[in-house]
Structure formats: C-alpha cells, structure tokens
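Engineer: Quick one, fold the following:
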Amino acid sequence: MSPFDDATLVSESALAFSDLGRPKEALRHGMQAVVLREEGRTRSLTFSRITLVRIHADRGDLDAAISVGAELLDTSPTLGSVRVVRQMDDLRELLEKHRDYGPVCEYLARFDEARRARQLLLADIIPLPRGGPT
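Structural biologist: Next comes the predicted model:
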C-alpha cells in the first residue's frame, strides 16, 4: 500500500480538475505531480506522466503531450504493471485521433514498440490479442 502524500494529493487534484473541465488547474497540478514524483516510486511517476500527457492532449497542446509522452516511454520501460498497460492503451486511443499530425504519428510508432515490449513482460498475465501482437 502506498502512503497518501503530497504527490498523491496533487495527482488526484489534477485528475479531478481535468474531469471538471478546468484545464488550467489540471495542468498546474499535473506538472507539480510529476515534479514531486521524480524522486520516488517509478509506477507512481508513470501514472503522473500519463495524466499529464492526457491533460496536454485535451488542451490541444500536442507538442507538449509528445514531449511528456517521450519521458513517459523512458520511465522504466521494463515496468510490468497491468494497470499501466491499460492506461497507456487508453492514452494511445486518445492520441490516435491526432495521427494526421506528423509528430504524433512518429510518437505513436515509438509508443507501439514500447507497448510490444511491455506486453512481452506481461505475457503470462495479459493474453495476446487473437492473431498475435499488435
């Protein structure tokens, strides 16, 4: 069990402000959450970065989403977490809507490579889709 600390509060605040349609506050809290998580639990940092990518994308700032997304892919690529994989799948679906923008298309290719590597780590927990890996 993880403690409920300042970073957790800020992360939850980012999610809440995002859900409330308050992007300015969501962004501020999302950025603060990443800063507070940089020296701590890798899995929590990953979730904070997923949230921040989503906030940037929802605001239409695709370049910022890609920048944080690159950091996300570099955050412990061997982290084997079913919850991380599922949230990253949701994130990919969100970014797919912007595939026509070159940097997003390039990022999604890198994202898919990282996704396949994580899928191999979790092969015993998450079954591969029919027809093999995607």
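
Engineer: Secondary structure element holding the residue sitting nearest the centre point of the chain?
Structural biologist: Nearest residue to the geometric centre of the chain (CA atoms, centre = their mean): Ile50, 2.1 Å. Using DSSP states H and E, Ile50 sits in helix 42-59.

Engineer: which residues sit against that helix?
Structural biologist: Contact with helix 42-59 is made by 2, 7-8, 11, 14-15, 18, 23, 26-27, 30-31, 33-34, 36-38, 62, 64-65, 68-69, 71-72, 75-76, 79, 81, 84, 87-88, 91, 94-95, 98, as judged by CB atoms under 8 Å, 6 or more residues apart in numbering. Any C-beta I mention is one placed from the backbone N, CA and C, and that applies to glycine too.

Engineer: buried sites along it?
Structural biologist: 43-57 (16 or more other CB atoms under 10 Å).

Engineer: show me where this protein has helices.
Structural biologist: Assigned by DSSP state H, the chain shows helices spanning 6-19, 23-37, 42-59, 62-74, 82-96, 102-121.

Engineer: And the shortest one, what does it pack against?
Structural biologist: Spelled out, it's helix 62-74. helix 42-59, helix 82-96, helix 102-121 (3 or more CB pairs under 8 Å, 6 or more residues apart in numbering; DSSP states H and E).

Engineer: any chance of the ones you listed in a markdown table, with mean pLDDT too?
Structural biologist: Output for these, formatted as a markdown table (pLDDT from 0 to 100):
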| stretch | mean pLDDT |
| --- | --- |
| helix 42-59 | 95 |
| helix 82-96 | 91 |
| helix 102-121 | 89 |
